[in-house]
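In: Provided below are the primary sequence and the corresponding predicted coordinates.
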Amino acid sequence: MASANTTKALPAAATNGDSVVIVGAGLAGLFTALKLSPHPVVLISPTPLGKGSSSSWAQGGVAAAISEGDTVEAHARDTIRAGAGIVDEGLAHLLAREAPDRIEDLLRLGVPFDKDIEGKLQLSREAAHSARRIARVKGDLAGKAIMAAVMAAVRKTPSIHIVEGMSVHALAMSDARHVAGVHMWPTGSLGRGEAITLRARAVILATGGVGQLFEVTTNPSAAHGEGVAMAARAGAVIADPEFVQFHPTALNIGRDPAPLATEALRGEGAVLVNGKGERYMAAAHEDAELAPRDVVARATFREVQSGRGAFLDCREAIGNRFAEKFPGLSEICFKADIDPVRELIPIAPAAHYHMGGVLTDANGRTTVDGLWACGEVACTGAHGANRLASNSLLETVVFGARIGQDISGLAPHLKASSQELLPPPESTATGLDKGTIENISKQLRRSMTHNAGVVRDSDGLRAALGDIANISPSELPLAMRNRSLTARFIAAGALQREESRGSQFRSDYPESREEWARRSTLNLEDLEAIGENTLNLEHHQGNVIRVAFAQ
Ligand SMILES: Cc1cc2nc3c(=O)[nH]c(=O)nc-3n(C[C@H](O)[C@H](O)[C@H](O)COP(=O)(O)OP(=O)(O)OC[C@H]3O[C@@H](n4cnc5c(N)ncnc54)[C@H](O)[C@@H]3O)c2cc1C
């Protein structure tokens, strides 16, 4: 528990437990840190600030009902509809109601949202929104511009101490129910070696999504869903873990993460074909390529799985205008040696957004004392079974502000624990070289994509849980154990929910079922019970659990 090198540059308030520790430096972490000012905050970023967060990559923008004729009620209604019957309606209204004020905040921070000649915000419309309500920056640069403005403000705020190059792999507990700090390690060590422990008055998880648990994803390399696992180990309830949104058209060009091919291409008339040149969407839905995201993702997944492959054909509809209309994608294609004017672009569905996560209330409080969660790692209930486009950046700022207010209000009563903090889980991690660890990670991602991905069924989900059990020897580095634990929540939640709803499609239960029109909640004990009922754990051999499926 040395607090040596990395923390010595931090002022006393950052190391004596007087600070709030924020884990993660995407929009959720940064905005919350600003809202907590002047309360001292330690903000932990695994990478140099601004790198490695989904927030910087957001292309669309932020939703808010501020255009003439639009209403908060209509925004909430669209959110509730997209969430397929299990949205917490109070939370959806709260999200919509507080959106305009948060857009004001971002404008005050200097975010250059697109404006018309009268200086009013120029809002655009996205799928499933009933009005023009997306605040954008220069077309597709919202995330980058928002992050630049917020980072500049964070750097100027003396109460925020930034720790770069460190990753948190365990929460520090003062007793079984109270989070009182974090255990962190240099990024890349995966939790091997001695931990550096920071005490805190409060800890906020802002670790983002889970995309990297799948083979193909649009999420950056830090998006392993570790926050979910850390919170669960601390005793927190995890909600709706099964709901993962897959983007239907990521570029399947061997790049990790996979670049997005925007839906606007299909809006321009580009079609989807398989390797035989057949337009597979025509048979899948009456709206063909313009069918809802989930439908396109499933049809595309089937083509990829069948070995026929899936491709975006822009040749006729866009042709020579490609580079001018889609300069970003054009450059990516060029680098991948694909000429979209003459050739097909290979695509696959990619894990994009996690609706589930650590269960929180309207102030971002989790079910564990001392722990809050914000952004994609949290499950507020506002997204239900599927997220409405551009509501996720919004969620980070709405709940970031609420958490800031909540903790600031509590601050006089929040005392750093003087108790000895419990050590992090043991991680001997002997004998596993880098190659073996990378291999295990690949196996996990492959299994999640094939067994717990776009199309799921009982056999596949049991296979995923079996694979996870097989690759979870206790000697794995802590970071890897966190990844497999979060994967287990996703697969177990999906197995338990015997229906199709929103982003979850079960080929063995293709319809929604009334008895499942509710959110799911799971904690570690529930997960163990699902494991025992599902898998017949035959024997332990060394640390590797061999499993056989119960009949
Ligand atoms: C390509 C793409 C386009 C998108 N477009 C839009 C859009 O237009 N509109 C919209 O609303 N949403 C969009 N989204 C979703 C949205 O960007 C995210 O949901 C949102 O940015 C999440 O913010 P966050 O702060 O919770 O997570 P992130 O921005 O991902 O930040 C997470 C932070 O946690 C850090 N971290 C992770 N693990 C650890 C650890 N163990 N220890 C310490 N730190 C850790 C990461 O390094 C990062 O700093 C898009 C997502 C992607 C991937």
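Out: Great, that's in hand.
In: how many other residues sit next to Gln59?
Out: Neighbourhood size, Gln59 [other Cβ atoms under 10 Å]: 18. Any C-beta I mention is one placed from the backbone N, CA and C, and that applies to glycine too.
In: these two touch, right, it and Asp140?
Out: Yes: if you go by Cβ atoms under 8 Å, Gln59 and Asp140 touch, sitting 4.1 Å apart.
In: can you check which residues contact both of those two?
Out: Between them, Gln59 and Asp140 share these contacting residues under Cβ atoms under 8 Å, 6 or more residues apart in numbering: Thr262.
In: all strands for the stretch 201-350 of the chain, in order.
Out: Secondary structure of the stretch 201-350 of the chain (DSSP state E, counting those that start in this stretch): strands located at 202-205, 238-239, 244-251, 271-274, 310-313, 345-354.
In: could these go into TSV alongside distance to the ligand and mean pLDDT?
Out: Output for the strands of the stretch 201-350 of the chain, formatted as TSV (distance: least, Cβ to the nearest ligand atom, whole Å; pLDDT from 0 to 100):
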stretch	distance to the ligand	mean pLDDT
strand 202-205	9	98
strand 238-239	16	98
strand 244-251	8	95
strand 271-274	20	97
strand 310-313	17	97
strand 345-354	6	97
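In: for Phe301, find the nearest of those strands.
Out: Closest approach to Phe301 among the strands of the stretch 201-350 of the chain (Cβ to Cβ): strand 345-354, 5.1 Å.
In: what comes up buried for the closest one?
Out: Ile345, Pro346, Ile347, Ala348, Pro349, Ala350, Ala351, His352, Tyr353, His354 (16 or more other Cβ atoms under 10 Å).
In: turn those residues into a markdown table, including distance to Pro38.
Out: Shown next, in a markdown table, are the buried residues of strand 345-354 (distance: Cβ to Cβ, whole Å):
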| residue | distance to Pro38 |
| --- | --- |
| Ile345 | 50 |
| Pro346 | 51 |
| Ile347 | 48 |
| Ala348 | 47 |
| Pro349 | 45 |
| Ala350 | 41 |
| Ala351 | 39 |
| His352 | 37 |
| Tyr353 | 33 |
| His354 | 33 |
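In: wait, a strand at Leu198?
Out: Yes: using DSSP: H, G, I helix; E, B strand; the rest coil, the assignment for Leu198 is a strand.
In: just want the most central residue of this protein.
Out: Gly209 (1.7 Å; Cα atoms, centre = their mean).
In: what residues are up against that one?
Out: Counting by Cβ under 8 Å, 6+ apart, Gly209 has contacts Ser54, Asn219, Ala223, Gly225, Tyr353, His354, Glu376, Val377.
In: can you read off the pLDDT for the residue lying farthest from the centre of the chain?
Out: For the chain, the residue at maximal distance from the C-alpha centroid (Cα atoms, centre = their mean) is Glu118, at 36.7 Å. Glu118 is assigned a predicted lDDT (pLDDT) of 91.
In: secondary structure element holding Ser167?
Out: In this structure, Ser167 sits in strand 166-175 according to DSSP states H and E.
In: show me how far that strand is from its chain's centre.
Out: 20 Å (Cα atoms, centre = their mean, to the nearest Å).
In: just give me the neighbour total for the closest residue to Gly26 other than its chain neighbours.
Out: Spatial nearest neighbour of Gly26, chain neighbours left out: Ser53 (3.5 Å); criterion: Cβ to Cβ, 6 or more residues apart in numbering. Using other Cβ under 10 Å, the number of residues around Ser53 comes to 31.
In: can you pull the contacts of Ser53?
Out: Taking Cβ under 8 Å, 6+ apart as the test, what Ser53 contacts is Gly24, Ala25, Gly26, Leu27, Met147, Gly208, Pro220, Ala222.
In: out of these, which are close to the ligand?
Out: Gly24, Ala25, Gly26, Leu27, Gly208, Ala222 (Cβ under 6 Å from any ligand atom).
In: quick check: the farthest pair among the residues you listed?
Out: It's Leu27 and Ala222 that sit farthest apart of the ones next to the ligand among the contacts of Ser53, by Cβ to Cβ, at 14.1 Å.
In: the two - which one has more neighbours?
Out: Set side by side, Leu27 and Ala222 show more neighbours around Leu27, with 32 against 22, by other Cβ under 10 Å.
In: quick check: closest non-adjacent residue to that one.
Out: Leaving aside its sequence neighbours, Leu27 sits nearest to Ser55 (Cβ to Cβ, 6+ apart; 3.8 Å).
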